[in-house]
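**Q** Sequence first, then the predicted structure, then my questions.
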Amino acid sequence: MGDSLSSTRRTTTSTPPRLESEDRRDDVNCPSLNASISTSPEPQVQHDHFQNYSSTEISEDDGELHSGSKNTLRKHSFQVPSSSSVALSLLGSGTTFLLDHTTTTDDLEAQERSHRDCMNRDMVGRTGPRRSSISKKTIYFAWRVLDCFSSPMVTRPLKCAITYFLASLVVFWAPLSRALGSGDAKHLAATATVYFHSSRSIGSMIEGTMFAEIALLYSASLSVLSMLTARFFDGLDHIIVGHAIVLLVFCAGGLGSIAFLKQKMKIATFNTACSLASVSFASILIHEGSIQRGDVSFSKIIQVSVIVNSGIVIATSVCLLVFPYMAIAKLKETSNKTMKTYGNLLSAMTHNFITGTAFTSDEFDKLLKSSQSLMRSLDTLLHESMYEHYIRGTVDEYYFQTRLVKSIQQLSQHIGGLKSSHSMKLRLMEVRHGHRKTSCSELFDVFVHYLGPQMETLVSILQNALEMLPFHGGQLETRIRVDVGLKDTIMSARQTFDDARTSTLREMYSMDVFRSHIESNNQDIGVLLEEIASVCGQFSYGLLNFTDGLLQVLTVIEEYDAYLTKSRPRSWDWIKFWERPTSYFGPFTSEDAVTVPQELSRLFSDDSSDLKFVKPSGPVPLGLRLWRALRTFRRNDVKYGIKVGVGAMIFTMPAFFNETRDIFYHYRGEWGLISFVIVMNISIGSTLSAAFYRILGTVIGTSSAYVAWQIFPSNNIALPIVGFFIALICFHMILTGRPNTVFGRFILLTFNLTALYSYSLSRGDDDDDDDEGGSHPMIGEIAVHRLIAVIAGVLWGVIITLYVWPNSARAELKRKLGILWIRLGLIWKSDPLSKISFLQDSTSQSQYIGVQEEQNLGKSCLKLRDLIAQAGKEFRLKGQYPIQQYNAIIGFTEEILDAYHNVNTMIRRATESSELDTDIIRYTELERKELGNRIFLLFYLLSSALRLGLPLPDHLPNTEHARERMIAKVNEFRLKQVSDARMGNEDEFVLFYSFILATLSINEGLLHIIATQQQIYGTIEDETLAI
């Protein structure tokens, strides 16, 4: 028996030395030294589904796989017939991962590791004294400790803690503190490292630094213009007018624009830069006091900018020097993991489809979630790698990586289509009984008998190809794995499978059980058999689509390798922004661009400017013209910016009145303003969650600073060490998101603001803080002042969020989910099969669903899941928000999208017509139209009931009868073909395979959505129907 073609998964961590119960000297048994390679004329291909893969977890930050539990699923053996030996031999010859027909690279690596372990033990026995068990245990645990400290779960928080420790020396190290002048704002250096933590890729740090410098420049501009405005009106003896302009234009407008851009960009590094800009501007606007006095003081602006930049420089240096990693290398590693995940998913679904078994364990669901996390990581890493390529002068390589990532991500849609076919097959087999079930089993057995071996062979070759693609270990400068014979092998296997698939479908429809029901015009059995045949045909065709997608990946890889092979002079022409060469800033068409399609982005945005208004025959009323002109201000992101700006202006007003200025300064109102700006979010749920963690984090942070100061008062050695360990804990919470990302940040910011600020006072850095003890700081009073300021800012933010243009995540979820359903209903109502090009003239060709639009439909479901998480944080007297039910609804909607993908794939491939295609599409036109109208009506009713919060009526439009009438019409068409002796190639019915399967999936998905929605809105309160 040959060795497995499915190689064992490599372990991501180093292997510690084994503990031996007794020492071995000369009699060491090294099986790897005597290993031999054997061949077999009929190799057995083993597929180890999920072996050691179920132990993977995906980090939310970078999608990295970490080892966890060691549960494994059973192995599935695919018997490859002798006819496929040639294909397997082609795969083995000339490749980099199969040295023989039976031995893989992983087998050889395992033998090498075994040999190395044996030699190590042998050398210990021959060259040195016998080691005691204690020394071996010591080495073992030392190895384990070293392995633990090399894990990203340890190195990433450690890097951040080191950064914070170094930044705190700006306050605690006297020479550096004196070099930055006097002032109590030196803790802003450590504050900058909390936001711009060093546990980033180099590309992300480059992007963050760029945004930070832009934000500081913007903040400095606001500060200078505010001072100049106050000074100008002070010279005119109208300082009050100057203060009003400063509050309205620079405070409200400046901070409001920052909030608007933060929501508009939705980039993590940009959000961090916005927070830094708010912190630095608030320090100048309120705490420095020049604006209130009508003075112009550039020294404070320069000092704050230098302090913040010192923190950024420290964070960047640690990022580059301590455990650095590049997004380019991480992108390659994640690409490898994604391809291997697809291989496991493909093999598992094929095996379960052939055997007729369901996924009984959670391992398959975990693997699906892992693939989704890896896909999101690919987008993030690709974006970060762009900056690294710009710096390295390899912009052309970035565009090859963009094409590769896009082609890899498209494979996930084919995986979804296969999963939809498998799920529908299980449902059909479960609901049939008696003679119907016997007919189904008989038909399916024929499909497996004729096509099963070829299907297993193709999947075996695809899985091996996926496991070896595309990079060697994911290193930065490594070459791509390219096998000159791999693409030809896959194409040959695809052609063999395609021929077998065509003959198998012809054999199925020529069976007595099928032909007898067609000739007897038994519609019930005929509909059932058509459904089973549709599932089988669609799954087999889905494998062809996946194979074509993988061939596209191989094509991109070959072009990428050809680019890497030739001479590649580095170029930095992107700096010449005035030239903007096409080769750097737009080498691909709009279809290749990784962007959100315009049509769907408009649909899911808050901008209603794309609505088409019917022009009245008479003059347009002034109110209507004004309403249209103000449509920009109806967008949620614009309203959010206005709320933040106006709220900040009102909160800052006491600092500009003589009667309230002193008390505002005494309680450090600038930190209340900063807390208000930071805690404000676009939705109510996010704001309430941030407010809770902000207050709790402030209490913990001030308490930690108070205890540390009481134990080590004014100790510039112990305090930074204490800060290091607190930072280590806080950054662990920030990076892992447990319990919340902002929680650890708020704790560390408050500790920083209290302890480091108190030490600055003790060194006499500020002469204006005698109310808090001066050179003898009253740490308790300082902590209380910070707590009061933060609570005031947080409560003000909650009030503004709840009562000024409130934006509920629950209402937004209902609106966007309802729009998505209506969109899906309209797509199906338009009759997908009517969009095939050969049914239209050349000037009226249209597309069913665009490639980018289809991808964004799936991404919209991810956005809806984010809204569900935010909605669960909103206060609700009725009880806990039904998060589980809404997640289930999104899951059913995603299954419907998989069905849409199947049909969309078939329509895009339908480039050549036949007389039979045209006849059957026209023959079933009325039935398809009736079915499309009913499906749209169901989507519309679901959307309306969801928006109104009402239960659905008892009697809904029945799509099952309309679907069965359409399938019966297909049977009637077959009967007509038999009577006319025109029965052609069954492959010509593949469009209807996809269409029938899609209608089955849509109907099942709608039924599940209806049942789940009834659970949510099944109870009518007394006031529900009150008028």
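**A** Thanks, I have the structure now.
**Q** Can you tell me the SS state at residue 567?
**A** coil (DSSP: H, G, I helix; E, B strand; the rest coil).
**Q** Distance check, it against residue 550.
**A** As judged by Cβ to Cβ, to the nearest Å, residue 567 and residue 550 stand 30 Å apart. For glycine as for every other residue, the C-beta is placed from the backbone atoms N, C-alpha and C.
**Q** same deal with residue 560?
**A** Applying Cβ to Cβ to residue 560 and residue 550 gives a distance of 15 Å.
**Q** So the two - more neighbours on which side?
**A** For residue 560 versus residue 550, neighbours defined as other Cβ atoms under 10 Å are more numerous around residue 550 (26 against 19).
**Q** That one contacts residue 411, correct?
**A** Yes - between residue 550 and residue 411 there is a contact under Cβ atoms under 8 Å: 6.8 Å.
**Q** what ranges do the strands span in this protein?
**A** Using DSSP state E, the strands of the chain run over 44-47, 56-58, 65-67, 76-79.
**Q** From start to finish, how long is stretch 319-326 in a straight line?
**A** Using Cα to Cα, to the nearest Å, the end-to-end distance of stretch 319-326 comes out at 10 Å.
**Q** Local confidence estimate at residue 443?
**A** Here, the pLDDT recorded for residue 443 equals 78.
**Q** Name the spans of the stretch 451-600 of the chain whose pLDDT lies under the cut-off.
**A** 469, 472-479, 481-482, 513-527, 577-600 (pLDDT under 70).
**Q** rerun that using 80 as the cut-off
**A** Regions of the stretch 451-600 of the chain meeting the criterion pLDDT under 80 cover residues 468-484, 506-534, 566-569, 571, 573-600.
**Q** Let's check: the centremost residue of this structure is which one?
**A** residue 376 (2.9 Å; Cα atoms, centre = their mean).
**Q** can you count the residues close to residue 707?
**A** When neighbours are counted by other Cβ under 10 Å, residue 707 comes out with 13.
**Q** which of the residues in stretch 938-954 are buried?
**A** For stretch 938-954, the neighbour count (16 or more other Cβ atoms under 10 Å) marks 938, 939, 940, 941, 942, 943, 945, 946, 951, 952 as buried.
**Q** err, stretch 746-764, not the other one
**A** Buried residues in stretch 746-764, counted by 16+ other Cβ under 10 Å: 746-763.
**Q** quick one on the thing from earlier: including distance to residue 295, could the buried residues of stretch 938-954 go into CSV?
**A** Below are the buried residues of stretch 938-954 laid out as CSV (distance: Cβ to Cβ, whole Å):
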residue, distance to residue 295
938, 69
939, 64
940, 64
941, 66
942, 63
943, 59
945, 62
946, 58
951, 66
952, 67
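**Q** Can you say which two of the residues you listed are spatially most distant?
**A** Spatially, the most separated pair among the buried residues of stretch 938-954 is 939 and 951, at 17.0 Å (Cβ to Cβ).
**Q** Tell me where the model's unsure across the stretch 251-400 of the chain.
**A** Residue ranges of the stretch 251-400 of the chain with pLDDT under 80: 287-297, 356-365.
**Q** ignore the last one, the stretch 751-900 of the chain
**A** Within the stretch 751-900 of the chain, the stretches with pLDDT under 80 are 764-777, 832-859, 898.
**Q** residue boundaries of the helices in it?
**A** Listed in chain order, the helices of the stretch 751-900 of the chain (DSSP state H, counting those that start in this stretch) span 757-762, 779-803, 809-829, 851-871, 883-909.
**Q** Could you identify which of those helices is most buried?
**A** Highest mean neighbour count of the helices of the stretch 751-900 of the chain: helix 757-762, a mean of 24 (counted as mean count of other Cβ atoms under 10 Å).
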